[in-house]
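> Kindly return the folded structure for what I paste below:
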Amino acid sequence: MTDIAKLFIAQSRGFLSSDYLPKIERCLEVLSDEDVWWRANEGSNSIGNLLLHLEGSTRAWIIGVAGGFHNPRDRQQEFDEREQIPRAELMSRLRQTLTEADGVLARLHVEVLLERRQARGEEVTVLLAVYHAVEHFSMHTGQIIMLAKMRSGDLRLPD
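Just a heads-up that it's a prediction; the model follows:
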């Protein structure tokens, strides 16, 4: 089981840093700051809000739950933000978060994957926290790609 656990951690690191992040970076390269904060309607999220949410979620689930580091979070503010934070700053913050998360995953001992920890008022395993963070990042990466294609018209963006 140790080999499977090590592979799970390694692949989780790869998905976040080598797969999803480059796709988001490619999307933001073709967009303006205004495009990043565009929303279809007031009930929809902008790419900017999704980037803030990915930063907060990754900090909460990987750095906080899996890593055991206290990370206060105002989840609702991630969606409520309307100030047009420049895309360069958003990406810098997301890259920093992923660097920190990668460090947590690199140091994560396979023996702790089945440990139970508190997350959003419930008890979860470290394995679930990592799995949730990766699948959640994937889902929002897809939304960012779709929104970037809508705003830019560039259908060559990643799928």
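> and the residue nearest the centre of the chain, what does it touch?
In the chain, the residue lying closest to the centroid (Cα atoms, centre = their mean) is L54, at 3.4 Å. Contact analysis of L54 by Cβ atoms under 8 Å, 6 or more residues apart in numbering lists 94, 97, 136-137, 140. C-beta: built from backbone N, CA, C; applies to glycine.
> tell me the average confidence for stretch 70-90?
On average, the pLDDT along stretch 70-90 is 94.
> okay, now L21: neighbour count?
18 (other Cβ atoms under 10 Å).
> now the contacts of L54 as a markdown table including distance to K149, secondary structure and pLDDT?
Shown next, in a markdown table, are the contacts of L54 (distance: Cβ to Cβ, whole Å; DSSP: H, G, I helix; E, B strand; the rest coil; pLDDT from 0 to 100):
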| residue | distance to K149 | secondary structure | pLDDT |
| --- | --- | --- | --- |
| L94 | 20 | helix | 98 |
| T97 | 25 | helix | 98 |
| H136 | 21 | helix | 98 |
| F137 | 19 | helix | 98 |
| H140 | 15 | helix | 98 |
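> circling back to that earlier point, remind me which helix or strand the residue nearest to the centre of the chain belongs to.
Following DSSP states H and E, the helix or strand that holds L54 is helix 47-58.
> again, but for S44
Applying DSSP H and E as the criterion places S44 outside every helix and strand.
> quick one: it from M150, how far?
11 Å (Cβ to Cβ, to the nearest Å).
> ok, now W38?
9 Å.
> who has more neighbours, these two?
Higher neighbour count among W38 and M150: W38, with 15 against 11, using other Cβ under 10 Å.
> and the more buried one, what does it touch?
Shown in contact with W38 (Cβ under 8 Å, 6+ apart): 46-47, 147, 151.
> Quick one, which of the residues you listed has the minimum pLDDT?
R151 (94).
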